[in-house]
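>>> Starting from these lines, generate the structure:
(chains A and B)
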Amino acid sequence: MEMDMSVYLGAFLDEVDEQLQILDEEVLNLENDGENIETIQKIFRAAHTLKGSSAAMGMTTMKELTHKVENVFDAIRNHQIKVNTQIINLIFDSIDTIKLFKEAILNGNVDSVDVTQLIEKLEACKNGADSGLTSQVVPKQEETKTASSEEIIFPEVIFDEYQKDMVEKALEIGMNVTAVYVGLVPNAMLKSVRAFLINNNLKEIGEIIASYPSTEIIEDENKFDGNVVYIIVTESKNHEVLATLNSISDIKSIHLSAITSDNLDSFCKGKKVEIVEQKPAEVNANAPKKDAKLKVNQTVRVDVERLEYLLNLVGELVISQTRLKDVGMRLTEKYSSESLMEDFHEVDNQLGQIVSELHEGMMKTRMLPIEQLFNRFPRMVRDIAQTAQKEVNFVVEGKETELDRNLIDEIADPIIHLLRNALDHGVETPEEREKKGKPRQGTVLLKAAHEENHIVITISDDGNGINTEKLKQSAIKKQQITEAEAERLSEKEILFLIFKSGVSTAAKVTDISGRGVGMDIVRTHIEKLNGLIDIETKQGEGTTFKIKLPLTLAIIRSLLVKLGEKQFAIPLANVQEIIRLGNHEIKTIQNQEVGIVRGQVLPLIRLHNRFNATEDKVKNSKRLLVVIVGLAEKRMGIVVDQTLGNQEIVIKPLGKYIGSPKYIAGATIMGDGKVALILDVASIVLEEGVKNSIPYDQQITMKQNENLIGITSFYLGDEEYGLEIEKVKDIITVPSISPILNSPYSIVGMSNFRGKLISVMDLRKRLGLPIQPITRKSRLIVVEINNELLGLLVDKVTQVLKIDENEIKEAPNYESKVEREYIRGIYHLDDRLMMLINVSQIIDMETLLKLKQEQVV
Amino acid sequence: MELFENDEQLFGQYVVFMIDKQLCALSIKEIVEIIGIQPITEVVNDREYITGVINLRGSIIPVIQLRMRYKLPILPFNKKSRIIIIRSEDEGIGLIVDEVLMVTHIEEEQLEPPLEMFNTIEKDCFKGFAKVNDQLIGILNLQKVLYPQGSEGGIM
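Have a look, this model is predicted:
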């Protein structure tokens, strides 16, 4: 028996979690609106479900507790007691205790949780209701479960002539006539109402020709005993009749008897006929549970391990596919004249699409709405605000934002710390706020949103802001920095001192925060997740923390680079920009090699020696290729020989034998089957960052006004063009194009893209450039405009880069052969110009749609 | 000969291979497979004898250059070079050897404790020696090979 139960333990704990969340949420609602019947019902149902399942699992104490909670809410929904703070706190205590139970179950010491006091309090709370009102004692529902149907005495069914006639006629035309015996739970509330509901539901599937007892008695709550028989004429089968009654609560039993011409006479004499079908009594217990789950999407619970296994396989598939692509490329080089190669590439492309969608889909199975996490906070915020005596309006936005379940676990702590800080140090007391002319109630915002391939979590308050002067003093006192150093620091750099251990602006340490270790933890956590964090603060107006995280951990997009002859992958999340620096732009300041980028100093790191790579190429080169990486607020340039492009990679650990070599985050398998190492940008920036002593304000940091946008750059002839990456759906080798003649907007044909027909535009033709045949370097850039896909034919795609939107200049007239209206602006890449295409100008999508329809017809 | 008592694993089939001029052997039970030289990605780390990692059917496996482990001169790989994959603590590890010679049966009686005269390779690394066809074969103590300091991993 013990063993059998353990099988269900997982499911049980999941259910407890689910119900606890409902409780947490709804009790908070109740605090705002104590009269809301729906809320009270939900809480009641959640408590009821918990009671049922804990009883089933044999957790008697937990059942006892949830039962008492259920009782209290039963009293509330029957208006015997009113919701007050005391009750709410009591319920919160109960929720906490249930959480303790959960922990205890996991640790195997269920008996350690003591509930006697709590139960007494709940009891007292409910008894207050009983003494105040002369209502019935709320019954234990378990009793009803054990009661058997034999005890129910149904009223006698006696047909009169008229009814007999109706039954006979109905039977003649082949309808079913059924006697429905319904027994309500003996102490159910509002029996008449339930009978009325039963009546209504039955009416939906057939005609009621009689009811026993008579309607008058049913409608009289005092006379009606809860047992009723309906005679219905219906086309429905027995199980359908049962189904219509299932949604009504407090039904103890339902019996159906078919009336046929054979037994009609006995009905007329008033004899009870044998029971044909019996509805199991548990249906009643399940009914409220079903209701409580209604809001949850239909799901299948799957073991995480199984999911991980599948994900691993998909990871392998991604690798194999990349390898296939690589082999294909090499084959093409060898057999460029072989026409089969074209087929090969087409299949390869198709496979690539499927694999990437499969991967995406798989990742989505690991994605959970952040709601799960965010729902924990209102309660926490309420408690902290109460302890700290603050009045706070807690706003949560973007609950539906999805991210990897591992990330959800990892990000919880940082958010808790930041919220605590916002409440404890940020938001002022109501009195202080009034003095400053702010509303008494402070606002704390917690928001999640997607931004490209990242998720951004914002935590902001409209409180006091961070006092940088105090922060500086605290850091000096804790000997994190010397006074001389402090003088050199910029505002922003001082602000980031907050992440150093032991630094705190809090005048006193409370049990909520102020010890100065919290922010240190926040930073470590976020760095571990490859994330970035930014702070903005204004004295007297508030503070905003922004955490930027990659969407997932297992498979990442990365930039492949070469150091000497060796390949390395840099997580794209950390890559800010790729630049080339001329000799004159490289200086040495205080023994640190730096690059001058847009007037600012960028510390350069050469990793060749570290990784035993030959440095010859970068030593003799006149222009250095530099990958600017960022971690939290820091920016640094890694000198590389060559960038090889972006690739999705599966992170594989190096294993524990080899340990964690410096600057290496893991390894991945490349297209050619070789292993490439993944650079650990976090440790590189941190370690190398310590060495450099360049004043912070001269270094490149996250610029406040910088508005970086991603650009895909490509060539048409010798001119380089750019397209906002947001609009780009995919870049593919040119598939076969079925030509269309004389179509507008330089549409040259249609192609198959992931099973969809898309129009292909020759961008050369559209921009009025001479037309050229498709070459091996030609690509189709698939863009999305107003939810429609369009393929743009270009000569070659070069790179993906980030540019500052503010730096985009208006296109002068003489700059290009291309008509100006199609050009959004130009951007100066250090040695060349890039023209940004105005996608929405190059085509009128409506015309395109019409065109497509014509083609299909 | 207390050393060998209750150590069934010592007796039976052994894979004999060559490092420099020394014949070494590992019990066949300790070996997962033997493969040819693969492209090795160098991983710079504190233990220079762990030269890098290889891709073994999708798994990343560290490889130890046994010559480096015993501070012997490093020679370029040739046709005879092999990687012996062993398992330690649920993890595959590759050992690069000069040449794999044979699989042989070694009986308990053939075993002798390590001799002082062997100084080419740390004597600690051997569980014992056996004489087969007039050649002296050293039975490697895998744990000592993998963890020279002895502190990490495994019960000796």
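
>>> Could you use CA atoms for every contact and neighbour count after this?
Will do.

>>> ok, and the closest non-adjacent residue to A:Phe714?
Excluding the flanking residues, the one nearest A:Phe714 by CA to CA, 6 or more residues apart in numbering or on different chains is A:Val797, at 4.1 Å.

>>> what helix or strand is the one you found on?
strand A:796-804 (DSSP states H and E).

>>> tell me what whichever helix or strand comes after that strand is packed against?
Downstream of strand A:796-804, the next assigned helix or strand under DSSP H and E is strand A:823-829. Using 3 or more CA pairs under 8 Å, 6 or more residues apart in numbering or on different chains; DSSP states H and E as the contact test, the elements touching strand A:823-829 are strand A:832-837.

>>> now the very next helix or strand once past the strand it packs on, how far from the chain's geometric center?
As assigned by DSSP H and E, the chain's next helix or strand after strand A:832-837 is helix A:839-842. Distance of helix A:839-842 from the chain centroid (CA atoms, centre = their mean, to the nearest Å) equals 33 Å.

>>> Those residues of chain B touching chain A, which are they?
B:39-41, B:43-46, B:50, B:53-55, B:58-62, B:91 (CA under 8 Å from any CA of the partner chain).

>>> hmm, which of those residues are the buried ones?
Using 16 or more other CA atoms under 10 Å in any protein chain shown as the burial test, these include B:40-41, B:43-45, B:50, B:53-55, B:58-62 as buried.

>>> could those residues go into CSV alongside secondary structure and pLDDT?
Shown next, in CSV, are those (DSSP: H, G, I helix; E, B strand; the rest coil; pLDDT from 0 to 100):
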residue, secondary structure, pLDDT
B:Ile40, coil, 91
B:Thr41, strand, 91
B:Val43, coil, 90
B:Val44, coil, 86
B:Asn45, coil, 83
B:Ile50, strand, 91
B:Val53, strand, 93
B:Ile54, strand, 92
B:Asn55, strand, 87
B:Gly58, coil, 73
B:Ser59, strand, 81
B:Ile60, strand, 88
B:Ile61, strand, 91
B:Pro62, strand, 93
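
>>> Can you name the residues in contact with stretch A:615-629?
With CA atoms under 8 Å, 6 or more residues apart in numbering or on different chains as the test, stretch A:615-629 has contacts from A:563-564, A:574-583, A:608-609, A:635-642, A:681.

>>> before we move on, what about stretch B:86-100?
Contact partners of stretch B:86-100, identified using CA under 8 Å, 6+ apart, comprise A:655, A:657, B:15-20, B:30-33, B:61-67, B:77, B:80-85, B:153-154.

>>> Name the nearest residue to the residue nearest the centre of chain B, ignoring sequence neighbours.
In chain B, the C-alpha nearest the mean C-alpha coordinate belongs to B:Leu140, at 5.6 Å (CA atoms, centre = their mean). The shortest distance from B:Leu140 to any non-neighbouring residue, by CA to CA, 6+ apart, is to B:Phe126 (4.5 Å).

>>> isn't that neighbour right up against B:Gly138?
Yes: the pair B:Phe126 / B:Gly138 is scored as a contact, 6.1 Å apart, by CA atoms under 8 Å.

>>> Between those two, which is the more surrounded one?
A direct count of neighbours by other CA atoms under 10 Å in any protein chain shown for B:Phe126 and B:Gly138 places B:Gly138 higher, at 27 against 21.

>>> So that one, which state does it fall into?
The local conformation at B:Gly138, judged by DSSP: H, G, I helix; E, B strand; the rest coil, is strand.

>>> pLDDT of the host helix or strand of A:Ser356, averaged?
Element membership of A:Ser356, judged by DSSP H and E, is helix A:340-366. Taken as a whole, helix A:340-366 has a mean pLDDT of 82.
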